[in-house]
Each structure stands twice: as structure tokens, then as C-alpha cells.
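Undergrad: sequence and predicted model, in that order:
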Amino acid sequence: MKKDQFLCFLFLLFSVLLSGQVSADETRSAYEQYLAVQRKYSDAVTGNASEDKLRNILGELQTARCEYYRLIGKTLPSTEKNALVAPSEEVNAPAFLPDASAESQVTTQAQSSQASESAFLADAIPGLYGQNRASDSERLIDNLSQLLQTESDPARQIAIHQEIAVLMVEGKGDYSRAIAYLQKVSSSISDQKLKLVIIETLYQLKRDQKIAAQMAVVTQKDSARQEDLARFTSTSWLNFPGKIGSMAGYCWNTLTGWFAKDKLKRLQKEEKDLQKGDFRRWLVLSPGEHYQQSEFQLIDPIGDAFLIKKIDQMPLKVVQMLLGGTYPQADANEERQTDGVDENGNKIPFEIGKTVPIDVERLINKMRDIIRRNPEISPFIGEEHKWSPEASSQMMSSYMSRVGRVFGGRDTGIPVPIMFQSRLFLLLACGFTSRYAITGTEKELEAKLMTYPDRGVQIHDMFRESYLLNKGNMYLTLLAAENILAGNPYRKTRDDSPLQKKLAYFRQDSLPRGDNYGAWYHFFGIGLYGMLRPGVVSRAVAEIESLGSIFFEGFDRQEDYVNRYGSIWGKKIEEMIRKKTYLVPLKSNERTDYMLNDPALQQTK
């Protein structure tokens, strides 16, 4: 009796699993038919097919869509009766496939910009959208590469690059090759708007690569289940172990197949954050690499997203450096800070200076003198770069979303909770102002400074040139200086730039072999922050900055002085503007030789 009940239970289980498999196979077949007709329609639109042919294919597409919705148990919304897109709530076609989603009335609407680009390519490359496109992909890639050499329009160049990547996928299914190709293209593009196009395409490619890989898993599970089913039906009950083994394999592959299909469904489902504005959209699309503002923008939601994603990549890098990784600045300091030899051949040991390099009060006097000599310009503090309204209002929710994406395997990095930090603080702390907070005057400022003799640019020269260019806006004045001083601080050869050779050496070391690069950009950076924040805050930041440098570069008393007195300088600038002491002429006893022990300034009063 018990044996009969057990066999009955196995029979019922087998029947349920089999019925589920039939249903799943039917749904999958309907979906594949839907995609096939969609591609057929897209090819017809691209190939400028006749109106009658388009209408006939449109009817096939609507029929396939309705059948698919019927099998998944959903009613096609009345507002979507003429929609020509793959279902966004169930299973999406790979984003890189040709799509006619912009055409709701196919015979009357103009083509989209993407279709216009396709038309340009179709005219330039015969057979690009022909029936043998996939089998002819390598030849078409070669032709597009040749076209790229003669094309001067940047937007069209991007279209060609995208088409080459598409062909790499369509021809041989080589997602890795296409991704590597576009990553190389992205690294060579300076125009940020065009770069964003490539970054978005890369996101789609990587997403489609995951979908294709998961589809392969689903297919493998389906094949294994069918093999187990065939083995079960062909095995006699006399071979009880073989019968049970095939059933166990069938049940296992059915169960794991369900999980695989569920994962596929989740991968194919479009990210909700892509529909929540530029900030949340680019939090998803950004690969965690740098962003470069192309123009002055106090509010920049896309830049905010890139900045946050870039910061999320930093914790792991910091840990790697602390655990024995290389730190370019420290390596450069070690190579630079060597002993010297005087004209008599005597050794001069290099020693980091122990005295304060700058008299801040005298520097303020020099700045007052410069302002008074340019009465047509009135100084004012100015407005700083801040988080966009989207970023500010969604800081907490976007953090939780990033955490979920990392734990779900859809993103990398360690999300950093930055809810209570200002945008400017993070940019200065990371040395990123030249990328995410440009003033628009940097190139002109650097060009002016390059006319000075080597070691001829003093702090007041930097201030004067930037002050005049930024028309008295003190925030932009100091920020522009900071941007050209710290254009790329995380490189070993940073001291070799032409601008660095123009800057005076204002550290008080025994030999001019200390970190002058760091001294200049630290002084202007902490000065900028000190001008905008209470003294106790900027001073605390200065001390923390000095403490952090100890871990990566070792103790440097001159850098400590630069940070500390830079914050004092910033606060005194704020007081000068607020109290308008720049209007008061300098007294005879108010000195301007602020570079202590510097012969170049000892004669300046």
C-alpha cells in the first residue's frame, strides 16, 4: 500500500513538472516569435519598405504580441495596442537589437536620430543592412574602419564606432571584443557629451552580455531536463535506480532551471532608476570612471552621479595602498628628495624645513594692494558648486539603491555614505575639482602664467591673474587656481608639467627638492575651503589632511604648515571681503614680503 502511494506521489509530481515544462516551452516559443517579428519589422523600416508591407508586418507583430501576453496571463493595455516594443514588465529584448520603439504610426512619423545615422551609414557602406549583414560582419567592420579614417564629424564618428560594436556582436556574438573596443574609444574621447553616448552604449552591451550568458544557462538547463525526461521514459521500472536517478535529475534541472529563468527575467527587466531623471539614471549607467565638465556648471546632476560612483570605487583602492600597494606621490617624493652637492663638491643633505614658509598677514596685504590697483573690479565671495536638487533630495534613497545593486551583483565598489558632506568638500578632499567643478577660465589662466620665467610665478601672481579673469569672484578666483594646480595629482610625473616649472618654490627645505606641487595646490585648496567655512571647520580639515598624508607619504612638516596656514589665509580672505578692508590703503608699516626667507620677495614692500 505504501509503495502504491509513493508511486502515485511520484506520478503526480512528474505530471506537475511536465505540465509546467510544456507551459514554459510554449511561452518561450511565443516570446521568440514575438522578437523575430519585431526584428523583421525593424529591418523593414530601416530598408524603407513599402507602406503595404509595413502594415502587413505590423499586423503580424500585433498578433505575436497579443499571443505572448495571453500565455503569460496578462491583458495587453489599450494604450499599447500599437506599441512596437518588447514587453518591459516581463522579458525584454536585448537593448542592442534594432528597435522601432519610436514608431507608433509607422507610415507618417519621421525617423529618429538613430535612424538618420543609420541612413547615413547605409549610403556610405553598401549592404550594411542587407540580408547577409551577420555573415558579412568582418568585411563591413573593415569598411566602417576605413570610413572612420576620413570622417571628421565627431557625432558621425561615434555612430560609426557604435555600428562597429554592433557588428562584432551580431556577427560572432563577441560581446567581449565589442566592449573592449568601445572602452578604448571612450578613453580617447575628450568631449564629455559624446563620451556619455559611448558610456550608455557600453552599459547596454554589458547588460546584453549578462543576458546572453544567462540565456545559455537556461538553454543548458532545458537540454539537461529534456535528456533526463527522455532517459526516464525509456528506462524500465525494473531498473529502479536508473529510473529514480533520471527523475531526480529531471527534478533538479527543473528547479535550477526555474531559478535560472527567474534570474534571466530580472536581468532583462529594465532598471527602474533609468526612468528617474539624469541623476539616478547615470548612477546606473556610470561605470565608476571619471567625468569631465565641458563648461561652467554650478549645478550638474550627471556630474553628481559620476562623482558618487567614482567615490564608491575609492575605499578598495585605499585599502590596497595601505596593504602594500604603490602610491605615486610617495614614490616620486622618495626619488626627488635626495642629497645635493655644492660647487665645491661638498654634500648638502636634504632636510625638510622646520620653519613656516608664508606670512599670511603680509600675503593679505599684497592681495589688498592688487585689488586697490584694479578699482574697476569689486571683489565678492561668489557662489560655490553644490549638489543638484535631484542629488540632494535622493541622497539617502540613492545610497540604499547603490547598496542593493552591489549586493545584487549588478554593480561594483563599496557605496560610501556621503549624505552629510558638501560637494565642494568631497571634490577638494579627493583632488577632483578640475573635473567636476570647472570655472571656464582655466585655459586662459594657464596661458598667462606660462609667459612668466621659470620659477617666476609667486602666490600673488597666481591670485592677480585669476582675480582679473574671474572679475572679482573670489570663489572662482581660488577655484581656477586650484584646478590648474591639481589637474591630475595622482601621477608620479606630476612635477614635470610645464606649469610646475613656472611656479616659485615656497617650501622652506634645505634644497628645492620637496613636494612643491603638493604645497601649491594644498595651499589654494584649503584656502578656498577656509574662505567658505567657519575657521574651526577648515582648521580641523587641514589637520585631518596632514594626518592622512602621514599614512601615504610620511610626515612632512612643510605640508603641515601649508595646510594649517592655508586655512588661516582663507579665513582672512573672507574677513577682508566682509569688512571691505581692501578699500583701506596700506600703511607704511604693512609689509607685503610674505614669502619668508625668499630673496625674490625681500625687496618687495
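TA: Happy to help now that I have it.

Undergrad: residues contacting Leu323?
TA: In this structure, Leu323 makes contact with no residue, judged by C-beta atoms under 8 Å, 6 or more residues apart in numbering. Quick note: C-beta positions are derived from backbone N, CA and C, even for glycine.

Undergrad: grab the nearest non-local neighbour of Met396.
TA: Taking C-beta to C-beta, 6 or more residues apart in numbering as the measure, Met396 lies nearest to Met419, with 5.8 Å between them; neighbours along the chain are not counted.

Undergrad: okay, stretch 248-266 in PDB with CA atoms only?
TA: Below are the C-alpha coordinates for stretch 248-266, written out as PDB (Å, rounded to 0.1, in the frame of the first residue of the first chain):
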ATOM      1  CA  ALA A 248      16.000  13.100  -9.600                       C
ATOM      2  CA  GLY A 249      18.000  14.700 -12.400                       C
ATOM      3  CA  TYR A 250      14.800  15.900 -14.100                       C
ATOM      4  CA  CYS A 251      13.500  17.500 -10.800                       C
ATOM      5  CA  TRP A 252      16.900  19.100 -10.100                       C
ATOM      6  CA  ASN A 253      17.300  20.600 -13.600                       C
ATOM      7  CA  THR A 254      13.600  21.800 -13.400                       C
ATOM      8  CA  LEU A 255      14.200  23.500 -10.100                       C
ATOM      9  CA  THR A 256      17.500  25.100 -11.000                       C
ATOM     10  CA  GLY A 257      16.000  26.000 -14.400                       C
ATOM     11  CA  TRP A 258      13.300  27.900 -12.700                       C
ATOM     12  CA  PHE A 259      15.900  29.900 -10.700                       C
ATOM     13  CA  ALA A 260      17.900  30.500 -13.900                       C
ATOM     14  CA  LYS A 261      14.800  31.800 -15.700                       C
ATOM     15  CA  ASP A 262      14.000  34.000 -12.800                       C
ATOM     16  CA  LYS A 263      17.500  35.500 -12.900                       C
ATOM     17  CA  LEU A 264      17.200  35.900 -16.600                       C
ATOM     18  CA  LYS A 265      13.900  37.700 -16.100                       C
ATOM     19  CA  ARG A 266      15.400  40.000 -13.600                       C
END
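
Undergrad: so how far is it from its chain's centroid?
TA: Stretch 248-266 has its C-alpha centroid displaced from the chain centroid by 35 Å (C-alpha atoms, centre = their mean, to the nearest Å).

Undergrad: torsion angles phi and psi at the residue nearest to Met396?
TA: Phi and psi for Met419, reported as degrees, to the nearest 10, are phi -60, psi -30.

Undergrad: tell me who's in contact with it.
TA: Residues Met395, Met396, Tyr399 are the ones in contact with Met419 under the rule C-beta under 8 Å, 6+ apart.

Undergrad: of these, closest to Val185?
TA: When the contacts of Met419 are ranked by distance to Val185 (C-beta to C-beta), Tyr399 comes first, at 31.5 Å.

Undergrad: the closest one: which element?
TA: Per DSSP states H and E, Tyr399 falls inside helix 395-407.

Undergrad: on that earlier part again, mind giving me the PyMOL select for the contacts of Met419, buried ones only?
TA: Under the burial definition 16 or more other C-beta atoms under 10 Å, those of these that qualify are selected in PyMOL by:
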select buried, resi 395+399
